[in-house]
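Student: Need a 3D model of the sequence below.
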Amino acid sequence: MRPVRDRRREAAALYEYPQHLRGEVDALPRAPGVYTFHGPQGDVLPLYIGKSVDIRGRVMDHFRTPEEAMLLRQARRISHVRTAGDIGAQLLEAQMIKSQNPLYNRKLRRTTRQFSLMLHRGKVTVVNSAEIDPARALVVYGLYSSARSALSALRRIADEQRLCYTLLGIERGMAGPPCFRAMLKQCAGACHGAETLGDHEERLRAALEDRQVSAWPWRGPVALEERGADMRQYHVVSDWQYLGSADNLTAARRIRGTTGQFDRDAYRILQVPILGGMHKIVSLAA
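Tutor: Next comes the predicted model:
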């Protein structure tokens, strides 16, 4: 077993300034954007991709834990891309992580399927992205990485609202006699007439309301304008999918892309900026 003094010396060494990166770290801007730690394989397999409204400050933050400090010391160089603000940084980070698959990133990895809850005549079914387009559906709720997590979310709602598992389709059974949860006072009793089916569905819709996936509100692509202290960008989006950014509208109109599977990361980033009315939105439809 190594002496305590040696272990402390090794731990302290992790926090030493990486001298081989001093010039690159000092040159990083105190501004929004995305940064990349490049290891021995360079651009082929980046070590880590991150974003911040203060690139240099965030890179220096990686010294705060031994694991992150070790990551920084493995890097051979650091590159960065400026953005006008946090929206552009989030969009670019998500796009780069999915396309470059950096070694140490865990979030925003490309997922092949996404699941949602669909309500029809009081019954909820779990649907995947191959069955329905959440960008256009008006009665789809939540975005989940698996059918199991979607069903777990539905169970939590049912438990909180005392909804009937049988009527929701979570458990098999027949309407008429009280379900097991009704006998335990965990179901309000829509299964046996203690609550009307209309009231049951109304409570279900109210509980799901804040999870509803908004349909794409435009005909075709749009450009969302983001202004920073010294930079302006137009982020091109179509069907809740990020296609790229440009410094002016002329260049934004030249951005082309094919919309495919619904991208929940882009939706999460863009929902409030697109629907919130805080940013200028320019339609790019021909």
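Student: correct me, but residue 31 touches residue 55?
Tutor: Yes: applying C-beta atoms under 8 Å, one finds residue 31 in contact with residue 55, separated by 6.4 Å. Glycine gets a C-beta too; all of them are placed from N, C-alpha and C.
Student: host element of residue 201?
Tutor: Secondary structure from DSSP states H and E places residue 201 in helix 197-208.
Student: Can you list the buried residues in that helix?
Tutor: Within helix 197-208, the residues that qualify as buried are 200, 201, 203, 204, 207, 208, counting by 16 or more other C-beta atoms under 10 Å.
Student: Give me the residues contacting the following helix or strand past that helix.
Tutor: Going down the chain from helix 197-208, the next helix or strand is strand 222-227, by DSSP H and E. By C-beta atoms under 8 Å, 6 or more residues apart in numbering, the residues outside strand 222-227 that reach it are 83-85, 87-88, 232-238, 246, 249, 252-253, 270, 273-274, 279-285.
Student: Skip ahead from strand 222-227 and say which helix or strand is next.
Tutor: Next in sequence after strand 222-227, counting helices and strands by DSSP H and E, comes strand 232-238.
Student: gap between that following strand and the chain center?
Tutor: How far strand 232-238 lies from its chain's middle: 18 Å, per C-alpha atoms, centre = their mean, to the nearest Å.
Student: name the helices or strands packed onto the next helix or strand after that strand?
Tutor: Going down the chain from strand 232-238, the next helix or strand is strand 241-246, by DSSP H and E. Counting contacts by 3 or more C-beta pairs under 8 Å, 6 or more residues apart in numbering; DSSP states H and E, strand 241-246 is packed against helix 86-100, strand 232-238, helix 264-275.
Student: Which other helices and strands does the last one contact?
Tutor: Judged by 3+ C-beta pairs under 8 Å, 6+ apart, helix 264-275 is in contact with helix 86-100, strand 140-144, strand 222-227, strand 232-238, strand 241-246.
Student: Taking strand 232-238 as reference, get the angle to it.
Tutor: Relative orientation of helix 264-275 versus strand 232-238 (axes from the mean of the first three to the mean of the last three C-alpha atoms, to 10 degrees): 120 degrees.
Student: so what strands line up beside whichever helix or strand comes after helix 264-275?
Tutor: Once helix 264-275 ends, the next helix or strand along the chain (criterion: DSSP H and E) is strand 281-283. Sheet pairing of strand 281-283 (DSSP bridges) gives strand 222-227 (antiparallel).
Student: And for residue 232, the neighbour number?
Tutor: Residue 232 has 13 neighbours, counted by other C-beta atoms under 10 Å.
Student: re the thing from before, just so I know, which of the helices and strands packed on helix 264-275 lies nearest residue 189?
Tutor: The closest of the helices and strands packed on helix 264-275 to residue 189 is strand 140-144. By C-beta to C-beta, the value is 24.0 Å.
Student: Quick one: mean pLDDT over the helix or strand following that closest one.
Tutor: Per DSSP H and E, the first helix or strand lying C-terminal to strand 140-144 is helix 147-161. The average pLDDT within helix 147-161 is 95.
Student: same for helix 147-161, what does it pack against?
Tutor: Applying 3+ C-beta pairs under 8 Å, 6+ apart, we find helix 147-161 packed against strand 115-120, strand 123-128, strand 140-144, helix 165-168, helix 197-208.
Student: between the ones you listed, which one is nearest to residue 78?
Tutor: Between residue 78 and the helices and strands packed on helix 147-161, the shortest separation by C-beta to C-beta is 32.5 Å, and it involves strand 140-144.
Student: quick one: contacts of the closest one?
Tutor: 114-119, 127, 132, 134, 150, 153, 208, 211-213, 262, 264, 267-268.
Student: pretty sure residue 51 contacts residue 91?
Tutor: No: contact between residue 51 and residue 91 fails when scored by C-beta under 8 Å: they sit 9.1 Å apart.
Student: lowest-confidence stretch among the helices and strands packed on helix 264-275?
Tutor: Across the helices and strands packed on helix 264-275, strand 140-144 gives the lowest mean pLDDT, at a mean of 89.
Student: Name the residues of stretch 264-273 that come out as buried.
Tutor: Neighbour-count burial for stretch 264-273 flags 264, 265, 266, 267, 269, 270, 273 (criterion: 16+ other C-beta under 10 Å).
Student: residue contacts, the fourth one?
Tutor: What it means is residue 267. Contacts of residue 267 (C-beta under 8 Å, 6+ apart): 134, 135, 143, 213, 240.
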